[in-house]
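J.: For reference, the sequence and a predicted model appear below.
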Amino acid sequence: MSPVRHYCDYNATAPLRPEAKAAMVRALESVGNPSSVHAEGRKARDLVEGARETVAAAIGACRDDIAFTSGGTEAVGLALCGAMKVPGNTILVASAIEHDAVTSLANHIEEWRVSKDGVVDLDWLRQRVAGLKADGYRPLVSLMLVNNESGVIQPVAEAAEITHSAGGLIHCDAIQALGKIQVSVIDLDVDYLSLSAHKIGGPQGAGATYVKAGAPFVSVQTGGGQEFGRRAGTENVAGIAGFAAAADTAQRTMGSYQALGEHRDRMEQKLMVSAPSLQIHGAGAARVAGVSCFGVEGLPSETQIMSLDLAGFAVSAGSACSSGKVKPSRVLTAMGLGETAARSAIRASFGWASAWQDFDALSDAWIRMAARARPALVKMDAHV
């Protein structure tokens, strides 16, 4: 008999929300290209524009500043490549904890240090952008709002102030932040921002890029002129409708997500009492409520993931986008972990359909697994 499954990998992809599924079904039952002028086309256009207003409202933006994309990776690439295509001496500055969608475009990412709890060093950024300005370059800084592996919240507004003081531009990857904490392009004062639907219970294959009015931008994907000329291609109407429904629901129910922090903290306390050598990565910084990255050095993440999967739990090691790689997490090594410790960490992430039982069951299952794999690590008689 198969064990009851506990899905604990929301940061990789969240289960589809009923509201998003219903919106997509309604959209799929309609026909029409949003660029067509007949009644069917106008109906499809109304769906897209209504969704644009909803997604824009979720981040405090104007609807005309939103361009829909095929997902988060494209949303990041569109913002950064669109900014870098503008004539001028632009240099992309990014930290080692950024997603591969960012770091693949940047040089010298290892220089932007982070603390042992995974928070970027603003003093380094201040010196870096001032130096670029003095050398005649325009800094383009990219900083995520919430780290996908540790859940640590980054000081984006402070980084924006530093960047703008040097005449630079700033992009925020808010993909893991939407629906978990308040995201306001006004408060953050960013020039570009990226979002993804499937991290909040929307469909895979839908995302959005925010470009502040007046921010330098040259279209990357040309063609039919859709999305205000920022991103050509017929819009994914059903995906966009599902994205908007998920964004609206996530905003309205954000308090329920934030309440998960109590269960996450209880789970971590139980793990630390039972396995005193266990480390919670990023625990000393502000984190979003539903993420826990932890491990015991010497207990490989692959062993933990496979054992927990067999026991009915879906967890991951690092970023889902790079889970097939054998090298240790770049995020964790940037936080000062050695290679063995970085290879021993797993990430459990929870969301809209998670219950307190998922947290308690995962801690119990991990303790049993660790006791079998490394008996000396675990105190089975410990109680929280």
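T.: That came through fine.
J.: quick one: Val55 is in a helix?
T.: Yes - counting by DSSP: H, G, I helix; E, B strand; the rest coil, Val55 is located in a helix.
J.: For it, give me its contacts.
T.: For Val55, the contact set (C-beta atoms under 8 Å, 6 or more residues apart in numbering) comprises 66, 195, 208, 243-244, 247. From N, CA and C alone the C-beta is placed, and that goes for glycine too.
J.: one more time with 10 Å, if that's ok
T.: Taking C-beta atoms under 10 Å, 6 or more residues apart in numbering as the criterion, Val55 is in contact with 61, 63, 66, 68, 178, 195, 197, 202, 206-208, 210, 240, 243-244, 246-248.
J.: So which elements touch the longest strand along the chain?
T.: In terms of residue count, the longest strand belonging to the chain (DSSP state E) is strand 138-144. Where contact means 3 or more C-beta pairs under 10 Å, 6 or more residues apart in numbering; DSSP states H and E, strand 138-144 is packed against helix 72-84, strand 90-94, helix 100-103, helix 122-134, helix 156-165, strand 169-173, strand 192-196.
J.: Mind putting these into TSV with mean neighbour count and mean pLDDT?
T.: Shown next, in TSV, are those (neighbours: other C-beta atoms under 10 Å; pLDDT from 0 to 100):
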stretch	mean neighbour count	mean pLDDT
helix 72-84	24	96
strand 90-94	21	95
helix 100-103	19	91
helix 122-134	16	96
helix 156-165	19	98
strand 169-173	29	98
strand 192-196	30	98
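J.: For the ones you listed, give me TSV that also has distance to His263.
T.: Below are these laid out as TSV (distance: least, C-beta to C-beta, whole Å):
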stretch	distance to His263
helix 72-84	26
strand 90-94	33
helix 100-103	30
helix 122-134	32
helix 156-165	27
strand 169-173	26
strand 192-196	25
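J.: Contacts only, for the closest residue to Asp248 other than its chain neighbours.
T.: Take Asp248 and drop its neighbours on the chain: the residue closest to it by C-beta to C-beta, 6 or more residues apart in numbering is Thr54, 5.3 Å away. Listed by C-beta under 10 Å, 6+ apart, the contact partners of Thr54 are 63, 66, 240-241, 243-248, 251.
J.: Greatest separation within those residues: which pair is it?
T.: Using C-beta to C-beta, the contacts of Thr54 span at most 17.6 Å, a distance reached by Arg63 and Ala246.
J.: Could you check which of these two is surrounded by more residues?
T.: Ala246 (32 against 14; other C-beta atoms under 10 Å).
J.: List the contacts of the more buried one.
T.: Contacts of Ala246 (C-beta under 10 Å, 6+ apart): 14, 16-17, 19-21, 23-24, 54-55, 58, 178-179, 197-203, 206, 352.
J.: how does this protein divide into domains?
T.: Annotated domains of the chain cover 6-14+255-377, 18-252 [automatic domain parsing].
J.: Okay, strands next: where are they in the stretch 151-300 of the chain?
T.: Secondary structure of the stretch 151-300 of the chain (DSSP state E, counting those that start in this stretch): strands located at 169-173, 192-196, 207-211, 279-280, 291-295.
J.: Spatially central residue in this structure, please.
T.: Gln176 (2.6 Å; C-alpha atoms, centre = their mean).
J.: got a list of what that one touches?
T.: By C-beta under 10 Å, 6+ apart, the neighbours of Gln176 are 10-11, 72, 99, 144-149, 151, 153, 196, 199-200, 288, 291, 349.
J.: For stretch 105-120, output the C-alpha coordinates as CSV.
T.: C-alpha atoms of stretch 105-120 as CSV (Å, rounded to 0.1, in the frame of the first residue of the first chain):
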residue,chain,number,x,y,z
LEU,A,105,23.9,36.8,-17.7
ALA,A,106,26.3,38.3,-15.2
ASN,A,107,30.0,38.2,-14.5
HIS,A,108,31.9,38.1,-11.2
ILE,A,109,28.8,37.1,-9.1
GLU,A,110,31.0,35.5,-6.5
GLU,A,111,32.3,39.0,-5.5
TRP,A,112,29.0,40.2,-4.1
ARG,A,113,29.2,38.6,-0.6
VAL,A,114,26.3,37.5,1.6
SER,A,115,26.2,36.9,5.3
LYS,A,116,26.2,33.5,6.9
ASP,A,117,22.4,33.8,7.1
GLY,A,118,22.2,34.6,3.4
VAL,A,119,21.6,38.4,3.3
VAL,A,120,23.5,40.4,0.7
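J.: Would you mind listing the buried residues in that stretch?
T.: Under the neighbour-count criterion of 16 or more other C-beta atoms under 10 Å, stretch 105-120 has 105-106, 109, 112-114, 117-120 buried.
J.: Reformat these as JSON lines; add secondary structure and distance to Val86.
T.: Shown next, in JSON lines, are the buried residues of stretch 105-120 (DSSP: H, G, I helix; E, B strand; the rest coil; distance: C-beta to C-beta, whole Å):
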{"residue": "Leu105", "secondary structure": "coil", "distance to Val86": "15"}
{"residue": "Ala106", "secondary structure": "coil", "distance to Val86": "17"}
{"residue": "Ile109", "secondary structure": "helix", "distance to Val86": "22"}
{"residue": "Trp112", "secondary structure": "coil", "distance to Val86": "23"}
{"residue": "Arg113", "secondary structure": "coil", "distance to Val86": "29"}
{"residue": "Val114", "secondary structure": "strand", "distance to Val86": "29"}
{"residue": "Asp117", "secondary structure": "coil", "distance to Val86": "35"}
{"residue": "Gly118", "secondary structure": "coil", "distance to Val86": "32"}
{"residue": "Val119", "secondary structure": "coil", "distance to Val86": "30"}
{"residue": "Val120", "secondary structure": "strand", "distance to Val86": "25"}
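J.: Confidence-wise, which of those comes last?
T.: Note: of the buried residues of stretch 105-120, the lowest pLDDT belongs to Ile109, at 70.
J.: And the buried residues of stretch 105-120, which is closest to Met84?
T.: Of those, the one sitting nearest to Met84 (C-beta to C-beta) turns out to be Leu105, at 7.6 Å.
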